[in-house]
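J.: Sequence first, predicted coordinates after that:
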Amino acid sequence: SGHRIVGEAWGEGPTVYLVHGWGGCRAHLGVFVKPLVAAGHRVVAFDLPSHHESGPGELAPGRTTIAECGRAVQAMVDAHGPARAIIAHSLGAKATGLALTWGTPAERLVFLAPMGGFAHYLDWFARRHGFGPRIRDALHRRLDRRLGFPLLHADLSHLASCLEDPPPLLIVHDPDDPDSPFATSEELASVWPGARVTATNGLGRLAHYRIMRNPQAVRAAVAFIG
């Protein structure tokens, strides 16, 4: 839609896309590039709108929305060909889920510590800043208006119900993750046909970020993609 997305590509073969999370950049998933190329894949990694080298979208620099991130995933796959797989971290998993419901093709998905339901983060935000249900609900309504659709419709459990034939999904998550509840991944696996969860262990309070460089996570993702 007229906005600039910056990325890189390596290797030859079926394409695997790497989608980073909120506040991240394409380099954060760089550890996946070498083993995927060695396994015979072309790897495409890119920065989401208003992140790192990509330009801003409809909002000011440094600001974007989950919908805009989903459109960026869709645009990259449209430009560079059908996805053998998409590996996505945190909010990148939600952006990928949105893109799939809009018709983006992907044969397989790997979600690393997928972001929990937005209701969880609204509650957390309200507690953190000391406001009550009235302001929390007003914030929710404002976000709905900003997106042009209900915020909670971007939750992965809802998106799973919108897909006629969801692709096989591997979820890799650490139970110690303080930023995205492990229970979210268990819930997602229960509503996504054929999904399975692989749990890492001992990543501590930085588990949400360490999982992107965890050897167990990398091996599981590459083996699952084939």
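T.: Yep, that arrived. Numbering: from 1, shown residues only.

J.: Now do the same contact list for residue 116.
T.: Residue 116 makes contacts with 180, 181, 184, as judged by Cβ atoms under 8 Å, 6 or more residues apart in numbering. For the C-beta atoms, the positions are set from N, CA and C on the backbone; glycine is no exception.

J.: so it sits in a helix?
T.: No - Residue 116: not assigned to a helix; according to DSSP: H, G, I helix; E, B strand; the rest coil it is coil.

J.: mind putting the contacts of residue 116 in TSV, neighbour count included?
T.: Listed next are these as TSV, based on neighbours: other Cβ atoms under 10 Å:
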residue	neighbour count
180	26
181	17
184	21
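
J.: now, among those, which is nearest to residue 217?
T.: Among the contacts of residue 116, residue 180 lies closest to residue 217 (Cβ to Cβ), at 14.0 Å.

J.: where do the helices sit along the protein?
T.: Remark: helices assigned in the chain by DSSP state H are 33-38, 66-80, 91-101, 118-129, 133-147, 156-162, 182-191, 207-210, 215-225.

J.: Quick one: closest of these to residue 51.
T.: helix 66-80 (8.7 Å).

J.: Does that closest one pack against any helices or strands, and if so which?
T.: Judged by 3 or more Cβ pairs under 8 Å, 6 or more residues apart in numbering; DSSP states H and E, helix 66-80 is in contact with strand 15-19, strand 42-46, strand 83-89, helix 91-101.

J.: How far does it sit from its chain's centre?
T.: With Cα atoms, centre = their mean, to the nearest Å as the basis, helix 66-80 stands 12 Å off its chain's centre.

J.: Buried ones in that helix, by neighbour count?
T.: 66, 67, 68, 69, 70, 71, 72, 73, 74, 75, 76, 77 (16 or more other Cβ atoms under 10 Å).

J.: same thing with stretch 193-212?
T.: Neighbour-count burial for stretch 193-212 [16+ other Cβ under 10 Å]: 195, 197, 198, 200, 203, 207, 208, 209, 210, 211, 212.

J.: List the residues that contact the fifth one.
T.: For residue 203, the contacting residues are 174, 176, 177, 210, 211, 214, by Cβ under 8 Å, 6+ apart.

J.: ok, now with 10 Å
T.: By Cβ atoms under 10 Å, 6 or more residues apart in numbering, the contact set of residue 203 is 113, 173-177, 209-211, 213-214, 216-217.

J.: shouldn't residue 158 be in contact with residue 117?
T.: Yes - using Cβ atoms under 10 Å, residue 158 is in contact with residue 117, at 8.8 Å.

J.: rewinding a little: with distance to residue 7, mean neighbour count and mean pLDDT as added columns, please give the helices and strands packed on helix 66-80 in JSON lines.
T.: Formatted as JSON lines, the helices and strands packed on helix 66-80 follow (distance: least, Cβ to Cβ, whole Å; neighbours: other Cβ atoms under 10 Å; pLDDT from 0 to 100):
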{"stretch": "strand 15-19", "distance to residue 7": "9", "mean neighbour count": "27", "mean pLDDT": "98"}
{"stretch": "strand 42-46", "distance to residue 7": "3", "mean neighbour count": "23", "mean pLDDT": "98"}
{"stretch": "strand 83-89", "distance to residue 7": "13", "mean neighbour count": "27", "mean pLDDT": "98"}
{"stretch": "helix 91-101", "distance to residue 7": "13", "mean neighbour count": "26", "mean pLDDT": "98"}
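
J.: Count the neighbours of residue 123 for me.
T.: 13 (other Cβ atoms under 10 Å).

J.: What are the neighbouring residues in contact with the spatially closest residue to it that is not a sequence neighbour?
T.: Closest residue to residue 123 in three dimensions, ignoring its sequence neighbours and counting by Cβ to Cβ, 6 or more residues apart in numbering: residue 136, at 7.3 Å. With contact taken as Cβ under 10 Å, 6+ apart, residue 136 is in contact with 119, 122, 123, 125, 126, 127, 129.
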